[in-house]
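Visitor: A predicted structure for the sequence below; I have some questions about it.
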Amino acid sequence: MELNNPVEPISEALPLSDQNITSEAPKLLLCSSIASVSDPGSNEGIMPLAGIGKEHPEVNWYYLYLSNKELKRYIGVFSGRKAVKFRTPSGVVEEKYFCFKVFSYTTTDHKKRFEQCGYTKEEYIARRDSVRVVKEAFATGSAQKLNALTDEKEIVGNGWLFVCAPLQQLELILSAMLPRQYLVTDYNTHRAAVIPQRQMEEFIYLYESMPYNIELMNRPLEDYLQKKQKIRITGGVFQGKEGCIMRLHRNTRLVFAFGNMTVAVSYLHAFPFEKIE
């Protein structure tokens, strides 16, 4: 949704007690959020996952780290369920609604999926239905279908909010809300970090279908590349992706960049690959 008139953001200031500027994000992702190694092969002429999804040059996936309270608040705003207040040049306060694609990740929610994962028919059906929703959402470009996977009322813990939207509108919304939140920036360019459309699609697909097979790492990718065998996936949903092989928790993993973060995927033997000298 685009704003038709120039407006000035307005928001009520929160009490100082609610503006926690001393807290730190968990180490799980904080340092890897400034990784300087990109994800080679992610969008170089590779077909989207299962033939679905499209590239939209006018919008990109951006992300920011939020406390649990703010995470729920911004999900409501970015998904169109809550309005943002702006002040027009004439002084009139207007409410605007925006509806973008959103997806959230918290370490607590991920841990719950491990603990509650049962090898049952019901669990299989639930994972299958989630995958179907992801495919339909990216095939149709429907924000409503994708956002149905994210229920802010059930989110536990601090975490990451991914949003697919025009950068100008994101910055406008963020400047209108207090306390001011900021998008994660790229280590090299110092601009808002971008996650490619296909890469975000892969991550959501895997997280919804096999959450127990992925792990977000606590260090930048370059830390794992040292003295490790580099490979390139030659088939399957990860075709073209480059990373390194390493053993974690008695399992061989493919470690690669995800935006400015680092992801490890297990059961590497299921994908054909070639070594990179």
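Guide: Received the coordinates, thanks.
Visitor: if I look at Leu206, how far off is Ile125?
Guide: When C-beta to C-beta, to the nearest Å is applied, the distance between Leu206 and Ile125 equals 18 Å. C-betas here are computed from N, CA, C, even on glycine.
Visitor: Could you do Asp109 as well?
Guide: Look at Asp109 and Ile125: by C-beta to C-beta, they are 20 Å apart.
Visitor: Pick out whichever of these two has more residues nearby.
Guide: Taking neighbours as other C-beta atoms under 10 Å, Asp109 and Ile125 compare with Asp109 leading, 16 against 10.
Visitor: Tell me the spatial nearest neighbour of the more buried one, not counting adjacent residues.
Guide: Sequence neighbours aside, Val156 is the residue nearest to Asp109 in space, at 5.8 Å (criterion: C-beta to C-beta, 6 or more residues apart in numbering).
Visitor: which ones are touching that neighbour?
Guide: 68, 106, 108-109, 112 (C-beta atoms under 8 Å, 6 or more residues apart in numbering).
Visitor: Check whether it sits in a helix, strand or coil.
Guide: Three-state call for Val156 (DSSP: H, G, I helix; E, B strand; the rest coil): coil.
Visitor: Look up the pLDDT of it for me, please.
Guide: Val156 carries a pLDDT value of 93.
Visitor: What's the separation between it and Tyr62?
Guide: 23 Å.
Visitor: and if you look at Ser104?
Guide: 13 Å.
Visitor: Spit out the residues that contact the two alike.
Guide: In contact with both Ser104 and Tyr62: Phe162, using C-beta under 8 Å, 6+ apart.
Visitor: about what we covered before: between the contacts of Val156, identify the one with the most neighbours.
Guide: Busiest of the contacts of Val156 [other C-beta under 10 Å] is Thr106, holding 20 neighbours.
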